[in-house]
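Asks: Could you look at this predicted model? Sequence included:
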Amino acid sequence: MSPEELSEARSRVATAQAITILTGAGISADSGVPTFRGADGLWRNYRAEDLATPEAFQRDPRLVWEWYNWRRELIATKRPNPAHHAVAALEARLPDFWLITQNVDGLHRAAGSHKLSEIHGNIWMVRCTACGTVAENHQIPLPLLPSCDRCRGLLRPHIVWFGESLDQEDLARCAKALQDCDVLIVIGTSGVVYPAAGFASVAKEAGAFVIEVNPDPTPQSDLVDIALRGHAKDLVPNLLETGE
Ligand code: BV8
Ligand code: ZN
């Protein structure tokens, strides 16, 4: 990443009328939340793809809840980092802004982001498998097989698992944000999970200038206009803040 690329990226952000940001686990890595596919991404030798599925929950709900309880306990001790705060500050400054996050850790909300789609759900929300009631729940730990206050049915995390469709309203809001933006900034995602992995090309096709912030190359790196190689906590405040 050259200094010219960073200053070009900064001027694109500073002059943009409409900005959309897409984040993945990498933006929370600097808060100490393990990423999915990084070295610290395993849990007891299980991969997320093996546990974050309806089949895994059907087969062994206790195991899946053990994993989510472990993650809830871990995430409860973590705080937003300067990258999350810079994203929330940009929202406050720029009327035409939207944030799309794949993260379920709630750290963008904790940093003050309001104009966001949590397209894979939120680890602090539970849903009844019997009556469908969705509720916020911060209890730590949850009983290993938590039951619904209303009907005693088995609760599940209100999270989109592999093989499950995303919420249609979220998808429509994302499509609008990708269509309307002058600049799309993709922060801390390995770009392998669809449909989010396709969002950079959707925005590009609609004429957006696309900036990637990631220490490593991703499958989208060839199509982005500028790839800023580094950590979100260092680069994102520099990229988004007007520095006045
Ligand atoms: C769906 C909830 C329709 C779990 C998650 C083609 C089209 C459509 C679907 C598919 C398709 N091919 C395959 C599919 C199915 C599947 C899929 O994409 N599979 C992949 C593995 C190939 N997609 C789905 O099932 C989706 N549903 O499409 O519905 C449908 C329905 C039925 C059948 C077919 C289709 C649902 C996907 C949602 C799955 N749920 N999360 C939970 O969190 O508990 S996905 C999970 O991965 C997390 O949400 C996570 O956010 C997401 C993506 O991971 P990343 O955020 O990118 O994190 P990762 O660790 O991978 O990367 C971290 C990055 O950060 C790295 O690049 C690293 O370099 C960088 N980094 C590290 N440190 C830093 C940093 N960057 C900046 N600063 C740092 N300090
Ligand atoms: Zn219920």
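Replies: Done, it's in. A quick note: this is a predicted structure, and the numbers were derived from the prediction, not measured. Ligands and ions are numbered 1, 2, ... in the order given.

Asks: going forward, measure contacts between C-alpha atoms and count neighbours the same way
Replies: Noted.

Asks: who's in contact with the lowest-mean-pLDDT helix or strand in the chain?
Replies: Ranking every helix and strand in the chain by mean pLDDT, DSSP states H and E puts helix 48-51 at the bottom, with a mean of 88. With contact meaning C-alpha atoms under 8 Å, 6 or more residues apart in numbering, helix 48-51 is reached by 36, 41-42, 56-57, 64, 67, 162.

Asks: One more pass at 6 Å, please.
Replies: Contact with helix 48-51 is made by residue 64, as judged by C-alpha atoms under 6 Å, 6 or more residues apart in numbering.

Asks: Buried residues of it, list them for me.
Replies: By 16 or more other C-alpha atoms under 10 Å, the buried positions in helix 48-51 come out as 48, 51.

Asks: my read: residue 80 touches residue 108, true?
Replies: No: between residue 80 and residue 108 there is no contact under C-alpha atoms under 6 Å: 7.0 Å.

Asks: Same drill for these two, tell me which one is more crowded.
Replies: residue 108 (26 against 21; other C-alpha atoms under 10 Å).

Asks: need the contact list for the more buried one.
Replies: residue 84.

Asks: mind checking pLDDT for it?
Replies: Per-residue confidence at residue 108 stands at 98 (pLDDT).

Asks: Could you do residue 37 as well?
Replies: Reported pLDDT for residue 37: 81.

Asks: How is the protein partitioned into domains?
Replies: Per automatic domain parsing, the structural domains of the chain span 3-32+79-120+166-240, 38-77+127-159.

Asks: Can you name the residues of the chain sitting close to ligand 2?
Replies: Within the chain, the positions adjacent to ligand 2 are 128, 131, 148, 151, 153 by C-alpha under 5 Å from the ion.

Asks: which of the residues in the longest helix belonging to the chain are buried?
Replies: Of all the segments of type helix in the chain, defined by DSSP state H, the longest one is helix 61-75. Buried residues in helix 61-75, defined by neighbour count with 16+ other C-alpha under 10 Å: 61-62, 64-69, 71-72, 75.
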